[in-house]
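> mind folding the following:
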Amino acid sequence: MKFVWPPLIGAINDRQRKIAEGLNAAEKAKADLATAEQDVQQELNLAKTKAAALIEQANKSANQLVEDAKTQAQAEGERIRQQAQAAIDQEINQARESLRAQVAELAVLGAEKILQDTVDVQKHASMLNQLAAKL
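The predicted structure is shown next:
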């Protein structure tokens, strides 16, 4: 048995060494897998954080665009209102001037009838100007 045991013991030792190496490799692979899973989870969390930040930024940009559009619309509305008010004021002034001229002319015609005297053109213009200045 002296010749049988040494090769058998050598084979058993080789087998034990291979099994131990396999177990060590399995443990290392398990540790590598855990590390890889952690890395994947960290990357996933980072991607979620970045996506949330992008969504928040997009919402802020959209809100800013809406606010800018509101401000611009209000400014445009105010500009249109001011233009309309200026046009109304101009129409009112023109109507007043027209009424003043008509009132002055009617006053002169009334005075002419009362006096039964015709007023010459120069006198007529002078009276109209004086009356317009008083009105």
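
> elements contacting the helix or strand residue 126 falls within?
Assigned by DSSP states H and E, residue 126 belongs to helix 121-134. Packing partners of helix 121-134 (3 or more C-beta pairs under 8 Å, 6 or more residues apart in numbering; DSSP states H and E): helix 5-115. Every C-beta, even on glycine, is put in place using the N, C-alpha and C of the backbone.

> thinking again about what came up before, angle of the helix holding residue 126 against helix 5-115?
Interaxial angle, helix 121-134 versus helix 5-115 (axes from the mean of the first three to the mean of the last three C-alpha atoms, to 10 degrees): 130 degrees.

> what does helix 121-134 rub up against?
For helix 121-134, the external contacting residues (C-beta atoms under 8 Å, 6 or more residues apart in numbering) are 100, 101, 103, 104, 105, 107, 108, 111, 119.

> pull the helix or strand with minimum mean pLDDT from this structure.
Using mean pLDDT, DSSP states H and E, the weakest-scoring helix or strand in the chain turns out to be helix 121-134, at a mean of 76.
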